[in-house]
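Undergrad: Generate coordinates for the sequence data below:
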Amino acid sequence: MPLKITHNDITKVNVDAIVNAANSSLLGGGGVDGAIHRAAGPQLLEECRTLGGCKTGQAKITKGYRLPAKYVIHTVGPVWIGGNNNEEKLLEDCYKNSLALAKEHDCESIAFPLISAGAFGYPKDKAIKTAVSVIGDFLLGNEMTVYLVIFNKTEFALSKELFSSITQYIDDNYIEEPTFSRLEAFERMYEAEESFKEAYDVFSSEAYAREKKQKRSLEDVIKNMEETFSQMLLRLIDEKGMTHAETYRRANIDRRLFSKIRNDVNYKPSKATVIAFAIALRLNLDETKDLLKKAGFALSHSSKFDIIIEYFIEEGNHNIFEINEALFAFDQELLGV
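TA: Coordinates of the predicted model:
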């Protein structure tokens, strides 16, 4: 099941459990804690009084009362004191223990706020990195839909280095989509036709033939020409030695969607779904383009979404949760969800 990063009010998310970034008393407070208590009603406070508080990094569960969620999982995040006081481990424990409680109570879906990133002063970029890392690891071995709920965009921040690096890559590669008049289009078609012979000579040269032979044999190309997207995907999964469950989890794809693709040889996926599988399979850029082409798509330098995907593939980073973190920061569609 996928990790979804979304703008929303966590008290209105319709899931089995929501997580409350509580204080150690569990008796309510400001921010998310206060909002959840107000939305759930006084019965939530009454039950919380019976729990005897909660230690930092631990988690306890109550009913949801007036909330859409069946349960509220209360966890106490660490206060940031410079990063040398076990803050990262304690924050990881918040997510791990909350997810364990949700699993213990047969929850199929859970929504988290960004724990400790508010009044507790945890740096937002570090808080996001921890959240995405722990949730991502959990989802590789478990079936659950997890939401990371961002109340407003100011809560969300990539590391400055990563944000700057992606921004520079976009600036270096982004091309405005050209607009041509009909006359210009005909002129370009004529120019393309005139240059065809020259291009043919290049493509038929021995040097080019040797280069292409290194990438793939003609026999392989002919063999795979008639494959559909579904067939190609299943072949690649086998060639990579991956299981179906491992693949759809790494792709951040719902199991039911994967079943549709597997069982329908002519399934037509979205572009984001194709890229999600390319990331899961750790395909290089050429292989990703081949998979996209099989589904009728291509990468374009007129699309920031495509350039960000290309950036991560070229960097050798195939962690779909980290990629989605970056896509969200740049207001782009997320992968797999």
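
Undergrad: Now do Val274 against Phe297, distance only.
TA: Separation of Val274 from Phe297 (C-beta to C-beta, to the nearest Å): 6 Å. C-beta coordinates here come from the backbone N, C-alpha and C atoms, glycine included.

Undergrad: Just want to know which of these two has more residues nearby.
TA: Val274 (22 against 18; other C-beta atoms under 10 Å).

Undergrad: In contact with that one, which residues?
TA: Val274 makes contact with Phe229, Leu291, Leu292, Ala295, Phe297, according to C-beta atoms under 8 Å, 6 or more residues apart in numbering.

Undergrad: report the longest helix in this structure, please.
TA: helix 87-104 (DSSP state H).

Undergrad: Which neighbouring elements make contact with that one?
TA: Here helix 87-104 is seen to pack against strand 17-22, strand 59-63, strand 71-76, strand 109-112, helix 124-139 when contacts are counted using 3 or more C-beta pairs under 8 Å, 6 or more residues apart in numbering; DSSP states H and E.

Undergrad: which residues sit against the longest one?
TA: With C-beta under 8 Å, 6+ apart as the test, helix 124-139 has contacts from 1-3, 83, 88, 91-92, 95-96, 99, 112, 114-117, 144, 146, 148, 155-160, 249, 252, 319-322, 324-325.

Undergrad: Kindly recompute the last result at 7 Å.
TA: 1, 3, 88, 91-92, 95-96, 99, 112, 114-117, 146, 148, 155-159, 249, 319, 321-322, 325 (C-beta atoms under 7 Å, 6 or more residues apart in numbering).

Undergrad: now these: which count as buried?
TA: Using 16 or more other C-beta atoms under 10 Å as the burial test, those include 1, 3, 88, 91-92, 95-96, 99, 112, 114-117, 146, 148, 155-158, 249, 321-322, 325 as buried.

Undergrad: can you count the residues close to Gly118?
TA: 19.

Undergrad: circling back to that earlier point, restricted to strands, list the contacts of helix 124-139.
TA: The members of these that map onto strands under DSSP state E are Leu3, Phe112, Val146, Leu148.

Undergrad: Of these, which is the nearest to Val32?
TA: Phe112 (9.9 Å; C-beta to C-beta).

Undergrad: contacting residues around the closest one?
TA: Contacts for Phe112 (C-beta under 7 Å, 6+ apart) come out as Val19, Ala131, Tyr147, Leu148, Val149.

Undergrad: got it, and Gln332?
TA: Lys304, Phe305, Ile308.

Undergrad: Selection in PyMOL covering whichever of the residues you listed are buried, please.
TA: With 16+ other C-beta under 10 Å as the criterion, this PyMOL line picks the buried residues out of those:
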select buried, resi 304+305+308
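
Undergrad: Can you lay out the contacts of Gln332 as a markdown table showing secondary structure and pLDDT?
TA: Putting those into a markdown table (DSSP: H, G, I helix; E, B strand; the rest coil; pLDDT from 0 to 100) gives the following:
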| residue | secondary structure | pLDDT |
| --- | --- | --- |
| Lys304 | helix | 96 |
| Phe305 | helix | 96 |
| Ile308 | helix | 97 |
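
Undergrad: Just send the contacts of Gln332 back as TSV, with distance to Ile175 too.
TA: Listed next are these as TSV, based on distance: C-beta to C-beta, whole Å:
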residue	distance to Ile175
Lys304	11
Phe305	14
Ile308	15
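
Undergrad: Of the contacts of Gln332, which is the nearest to Ser259?
TA: Nearest to Ser259 among the contacts of Gln332: Phe305, at 26.5 Å, using C-beta to C-beta.

Undergrad: Just to check, Pro2 is in contact with Arg255?
TA: No: at 9.8 Å, Pro2 does not count as touching Arg255 under the criterion of C-beta atoms under 7 Å.

Undergrad: Compare these two and say which is more crowded by neighbours.
TA: Looking at Pro2 and Arg255 with other C-beta under 10 Å, you find the greater number of neighbours at Pro2, namely 24 against 13.

Undergrad: measure the more buried one to Leu99 for me?
TA: On the measure of C-beta to C-beta, Pro2 and Leu99 end up 14 Å apart.

Undergrad: lowest average confidence, helix or strand, in the protein?
TA: helix 196-203 (a mean of 51; mean pLDDT, DSSP states H and E).

Undergrad: Could you check how far Val79 is from Ser98?
TA: From Val79 across to Ser98, the span is 18 Å (C-beta to C-beta).

Undergrad: Test for you: state the pLDDT assigned to Pro2.
TA: With respect to pLDDT, Pro2 scores 87.

Undergrad: Check Gly29 too.
TA: Gly29 is given a pLDDT of 88.

Undergrad: before we move on, the earlier item: in ChimeraX, select just the buried ones from the contacts of Val274.
TA: Applying 16+ other C-beta under 10 Å to those, the buried members can be selected in ChimeraX as follows:
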select :229,291,292,295,297
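
Undergrad: Filter the contacts of Val274 down to the ones in helices?
TA: Per DSSP H, helices hold the following members of the contacts of Val274: Phe229, Leu291, Leu292.

Undergrad: Now that we have those residues, can you turn them into a markdown table and tack on distance to Arg49 and pLDDT?
TA: Below are those laid out as a markdown table (distance: C-beta to C-beta, whole Å; pLDDT from 0 to 100):
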| residue | distance to Arg49 | pLDDT |
| --- | --- | --- |
| Phe229 | 56 | 96 |
| Leu291 | 55 | 97 |
| Leu292 | 56 | 97 |
